[in-house]
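Participant: Next comes the sequence, and after it the predicted model I'd like to discuss.
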Amino acid sequence: MWNYEKRLQYPVKITQTNPRIAQVIITQFGGPDGELAASMRYLAQRYTMPYREVTGVLTDIGTEELAHMEIICAIVHQLTRNLSPEEIEKSGFDKYYVDHTLALWPQSAGGTPWTATYFQSKGDPITDLHEDMAAEQKARTTYDNILRLVKDPEICDPIRFLRQREIVHYQRFGESLRIVQDHLDSKNFYAINPEFDPNCK
Amino acid sequence: MNEKKPCRKELLDWINIVSFAVDDTKLFLDTHPCDQDALEYFHEFKCQRIQALNEYAKYYGPLTLDTADSQTERWNWINEPWPWQEGGC
């Protein structure tokens, strides 16, 4: 169950449109290391997670990623609102515009549609948490790459907030991995899979 | 009554601040469930957040389902701009 809260987790107020940079930033909506993939990854992985702390982390970070997806979409929307056909053509936004007009659609910067193959839900807590930690670092790198291209402080500000959250989430997943390993045989973490092998938790 | 009306932007900024404190502490508590300092910090900002959300709803319309008032002539949830829009949150 989720309830909508009618505010952004971090405010977005962009006064200057920039369809060229919008096509880069949209990758954090529907790209391989974007917020949609992040949310779906954690929310999918949590059902078989046997440790309550880690289920909590997956649920709460998975939920926060939805709020981040909304921030990214707000940025892209504000960068592309009220565009003229001339601005669309000049900025190279025409290839997106022809299929989606000015609506939001989850794709990577290169135009690849969002796909569930961007993430794994493997059913093994060590495997999944390593994927989750890597995902946070990949998203952090993507934000670093975006920040090298963006000059407008109104865009940089919310992007920096999102980048910082990747680092906090990485920390929480690291702690989650430690909690998982504390439950396992310290001589052989791989002796059993606590999401599958019965009575071994 | 008008004298007491809070500035919309200041109140919203405050809601964002206390909500972020709650969100971040919630994640910390997931992996440190017995940390008394974090529990106290969470409690303090959770109370401030509830108070601020109620105050916002009173003057500027609801941001949450729990602060939406149906004892009115019109359903207020859709009145105010959405967060990605001009004048939104």
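Facilitator: Done, it's in.
Participant: hey, let's count contacts and neighbours off CA atoms from now on
Facilitator: Will do.
Participant: give the contact list for A:Glu5.
Facilitator: By Cα atoms under 8 Å, 6 or more residues apart in numbering or on different chains, the contact list for A:Glu5 reads B:Leu63, B:Thr64, B:Leu65.
Participant: want to throw the residues you listed into TSV with distance to chain A and secondary structure?
Facilitator: Formatted as TSV, the contacts of A:Glu5 follow (distance: Cα to the nearest Cα, whole Å; DSSP: H, G, I helix; E, B strand; the rest coil):
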residue	distance to chain A	secondary structure
B:Leu63	5	coil
B:Thr64	5	coil
B:Leu65	7	helix
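Participant: Residue nearest the middle of chain B, spatially speaking?
Facilitator: With distances taken as Cα atoms, centre = their mean, B:Leu53 lies nearest the centre of chain B, 3.5 Å away.
Participant: What confidence value was assigned to that one?
Facilitator: Looking at B:Leu53, its pLDDT is 98.
Participant: follow-up on the earlier one: among the contacts of A:Glu5, who's most crowded?
Facilitator: Counting neighbours by other Cα atoms under 10 Å in any protein chain shown, B:Leu63 leads these with 22 neighbours.
Participant: and the nearest residue to A:Arg41 once chain neighbours are set aside, how many neighbours does it have?
Facilitator: Among residues not flanking A:Arg41 along the chain, A:Phe119 sits closest, at 5.8 Å (Cα to Cα, 6 or more residues apart in numbering or on different chains). Using other Cα under 10 Å, A:Phe119 has 20 neighbouring residues.
Participant: what residues are up against A:Phe119?
Facilitator: By Cα under 8 Å, 6+ apart, the residues touching A:Phe119 are A:Ala37, A:Ala38, A:Arg41.
Participant: Residue most distant from the centroid, chain B?
Facilitator: B:Cys34 (26.0 Å).
Participant: now that one: how far from B:Phe28?
Facilitator: Separation of B:Cys34 from B:Phe28 (Cα to Cα, to the nearest Å): 11 Å.
Participant: repeat for B:Ile17
Facilitator: For B:Ile17, the distance to B:Phe28 equals 17 Å [Cα to Cα].
Participant: next one: A:Ile61
Facilitator: Distance from A:Ile61 to B:Phe28, by Cα to Cα: 11 Å.
Participant: When the two are compared, which one has more neighbours?
Facilitator: Between A:Ile61 and B:Phe28, counting by other Cα under 10 Å, A:Ile61 is the more crowded of the two (24 against 20).
Participant: Alongside chain B, which residues does chain A contribute?
Facilitator: A:3-12, A:53-54, A:56-57, A:60-61, A:74, A:77-78, A:172, A:175-176 (Cα under 8 Å from any Cα of the partner chain).
Participant: So B:Leu12 belongs to a helix, correct?
Facilitator: Yes - counting by DSSP: H, G, I helix; E, B strand; the rest coil, B:Leu12 is located in a helix.
Participant: picking up where we left off before, how much space is there between the residue farthest from the centre of chain B and B:Glu40?
Facilitator: Separation of B:Cys34 from B:Glu40 (Cα to Cα): 11 Å.
Participant: One more: B:Arg49?
Facilitator: Distance from B:Arg49 to B:Glu40, by Cα to Cα: 14 Å.
Participant: higher neighbour count, these two?
Facilitator: In this view B:Arg49 and B:Glu40 are compared by other Cα under 10 Å, and B:Arg49 has more residues nearby, 21 against 11.
Participant: which residues touch A:Ser121?
Facilitator: A:Ser121 is in contact with A:Arg41, A:Ala44, A:Gln45, A:Asp128, counting by Cα under 8 Å, 6+ apart.
Participant: Now compare those residues and name the two farthest from each other.
Facilitator: The distance between the two most remote of those (Cα to Cα) is 10.6 Å, for A:Ala44 and A:Asp128.
Participant: More neighbours: those two, which one.
Facilitator: Higher neighbour count among A:Ala44 and A:Asp128: A:Asp128, with 22 against 18, using other Cα under 10 Å.
Participant: With adjacent residues omitted, what lies nearest to the more buried one?
Facilitator: Distance criterion Cα to Cα, 6+ apart; nearest residue to A:Asp128, sequence neighbours excluded, is A:Lys122 at 6.1 Å.
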